[in-house]
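Engineer: please work out how this folds:
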Amino acid sequence: MGLFGDMRKMMKGAKDLQKAQGGTGLRDTVRMGASMMDQAKSALADNQEQGRIAAEGRDGTATITAVRDTQMTLNQLPVLEFDLDVVAGGFGPYPVTIQQVVSRPAVARLQPGAEAAVKVDAEDPKTVVLVGDG
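Structural biologist: Numbers count the residues shown, from 1 in each chain. As a prediction, this is how the structure comes out:
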């Protein structure tokens, strides 16, 4: 199903919300749909940037200090928010918060206290991507 399936679910949720609120006009429905599409485009662009960093970034490690569910999915995979203490390029540990799509099997492994391999953007050390099962 993927991205378009997720969009259909979001649109159905928006319609259900409208019914629960007594219904809204077509203009509001279109605005809500456009907003959801913008969010999906942004998530896809973020995912592409993370792929670039994973391929080109500097190697590092991170200790996961917190994990939060964003209640979002991309291609039916959860998007989680991580607080990390990163060590890379001779610097650290320094705190970073990221959001990233994670495989379902990796969720159990990526918990507070766990160490994970990361890639760090050479231009911006606050831009970090979990690699491996992330």
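Engineer: quick one: the strands in the chain?
Structural biologist: 58-74, 77-88, 91-101, 115-120, 128-130 (DSSP state E).
Engineer: deepest in the core, which of these is it.
Structural biologist: Of all the strands of the chain, strand 128-130 carries the top mean neighbour count, a mean of 24, counting by mean count of other Cβ atoms under 10 Å. For glycine as for every other residue, the C-beta is placed from the backbone atoms N, C-alpha and C.
Engineer: so which elements touch that one?
Structural biologist: Secondary-structure packing of strand 128-130 (3 or more Cβ pairs under 8 Å, 6 or more residues apart in numbering; DSSP states H and E): helix 26-56, strand 58-74, strand 77-88, strand 91-101, strand 115-120.
Engineer: need the mean per-residue confidence for the last one.
Structural biologist: Strand 115-120 carries an average pLDDT of 94.
Engineer: run the angle between that strand and strand 91-101 for me.
Structural biologist: Between the axes of strand 115-120 and strand 91-101, defined by axes from the mean of the first three to the mean of the last three Cα atoms, to 10 degrees, the angle is 90 degrees.
Engineer: can you add distance to residue 127 and give the helices and strands packed on strand 128-130 back as TSV?
Structural biologist: Shown next, in TSV, are the helices and strands packed on strand 128-130 (distance: least, Cβ to Cβ, whole Å):
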stretch	distance to residue 127
helix 26-56	6
strand 58-74	11
strand 77-88	10
strand 91-101	8
strand 115-120	7
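Engineer: of all those, which one is nearest residue 126?
Structural biologist: strand 91-101 (5.5 Å; Cβ to Cβ).
Engineer: which strands and helices lie in contact with the closest one?
Structural biologist: So strand 91-101, by 3+ Cβ pairs under 8 Å, 6+ apart, packs with helix 26-56, strand 58-74, strand 77-88, strand 128-130.
Engineer: could you dump those to TSV with mean pLDDT?
Structural biologist: TSV is the format used below for these (pLDDT from 0 to 100):
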stretch	mean pLDDT
helix 26-56	72
strand 58-74	93
strand 77-88	94
strand 128-130	93
